[in-house]
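Visitor: Have a look; sequence and predicted model below, questions after that.
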Amino acid sequence: YYSESKMEIPSQGLSADSKLWWKKGKFYMEIDMPGVGLSRVWCDGKTVISEDPVNGRRTLEGREATQSRWAASVSLPHEWTQYFTKATTVGRRDDADKSIVDVKLTGADDVEVTLSFDETTGLLRSQSFLQASPMGAMPVEVAVVEYKPYAGLQQAAKTEMRMAIFTATTTLTKFDANVDIDDAKFAPAAPETPAAQPGAAAKSEAPVTKTKPKSKAKS
């Protein structure tokens, strides 16, 4: 599938446009945030490589790599066995007028995510987890605000990602299923070569002037 979405963080005055290509567990994602730069993630089915303006290019391992894989899933509740080894119902609770069922998924690298479902509709209401990053683990909750039908599926058309420092709203603007994607899309692009400093070439190509030695004075 191919999708496009827009994320907004009002408290920070930031926004970002995202594009995602996914095919049988392989994926390529790019997030363009004006004023910050372009972030990209490649996964060829085994290795996950990330590149962003802050951390540069690096190979993700452990929890970071695992989270990147399941986060790209078109429907984690349907594909959970591809990323986790155990699902446990950990509670039932009331939220306003809805009955919510909480299911904890656990897998390799001690990764956990709790999925909260509307017991009446069966639709996912939210998911919570500890987001792994170079700065440490951060608690995150992603709540589904609105569903819309795309390609015969009920997709989360609007979500809110809630963290301690901000809340980000993401709106799905395009979703195309069963599209043709070349596997070359999932191979990391060559790192960009730093631009040459102005005048550097001119300096290196400047002619060298040799001074003719002075003749010795006659006696």
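Guide: Ah, there it is. Numbers count the residues shown, from 1 in each chain.
Visitor: Okay, buried residues for the helix ranked longest in the chain please.
Guide: Scanning the chain for the helix with the most residues, using DSSP state H, yields helix 62-71. The neighbour-count check on helix 62-71 (16 or more other CB atoms under 10 Å) flags 63-71 as buried. Where you see a C-beta, it was placed from the backbone N, CA and C, and this is true even at glycine.
Visitor: same question, stretch 169-180
Guide: Burial within stretch 169-180, assessed by neighbour count using 16+ other CB under 10 Å, is assigned to 170, 172, 175.
Visitor: excluding its backbone neighbours, what's nearest the last one?
Guide: Setting aside the residues directly before and after it, Phe175 is nearest to Tyr150 in space (CB to CB, 6 or more residues apart in numbering), at 4.0 Å.
Visitor: Just grab the bridge partners of that neighbour for me.
Guide: Leu153 (DSSP bridges).
Visitor: where are the low-confidence patches of the chain?
Guide: 192-219 (pLDDT under 70).
Visitor: Do you have the strands of this structure handy? List them.
Guide: Counting by DSSP state E, residue ranges of the strands within the chain are 2-9, 14-23, 26-33, 37-43, 48-52, 56-60, 86-95, 98-106, 112-118, 124-131, 138-150, 153-162, 167-176.
Visitor: helices or strands next to the third one in the packing?
Guide: Contacts defined by 3 or more CB pairs under 8 Å, 6 or more residues apart in numbering; DSSP states H and E place strand 26-33 against strand 14-23, strand 37-43.
Visitor: Next: the first one.
Guide: The contact analysis (3+ CB pairs under 8 Å, 6+ apart) places strand 2-9 against strand 14-23, strand 167-176.
Visitor: Name the residues that touch that strand?
Guide: 14-22, 31, 166-176, 179, 181 (CB atoms under 8 Å, 6 or more residues apart in numbering).
Visitor: before we move on, back to that, could you export the strands of the chain as CSV, including distance to Pro191?
Guide: As requested, the strands of the chain are exported to CSV (distance: least, CB to CB, whole Å):
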stretch, distance to Pro191
strand 2-9, 25
strand 14-23, 20
strand 26-33, 15
strand 37-43, 11
strand 48-52, 8
strand 56-60, 6
strand 86-95, 39
strand 98-106, 35
strand 112-118, 32
strand 124-131, 26
strand 138-150, 28
strand 153-162, 29
strand 167-176, 28
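Visitor: among the ones you listed, which is nearest Ser75?
Guide: strand 153-162 (7.2 Å; CB to CB).
Visitor: re earlier: what number of residues lie near the residue nearest to Phe175?
Guide: 18 (other CB atoms under 10 Å).
Visitor: With the one 10 residues further on instead?
Guide: The burial count assigned to Glu160 is 14, neighbours taken as other CB under 10 Å.
Visitor: Which strand residues bridge the spatially closest residue to it that is not a sequence neighbour?
Guide: Spatial nearest neighbour of Glu160, chain neighbours left out: Ala143 (4.9 Å); criterion: CB to CB, 6+ apart. Assessed by DSSP bridges, Ala143 has beta-bridge partners Ser126, Glu160.
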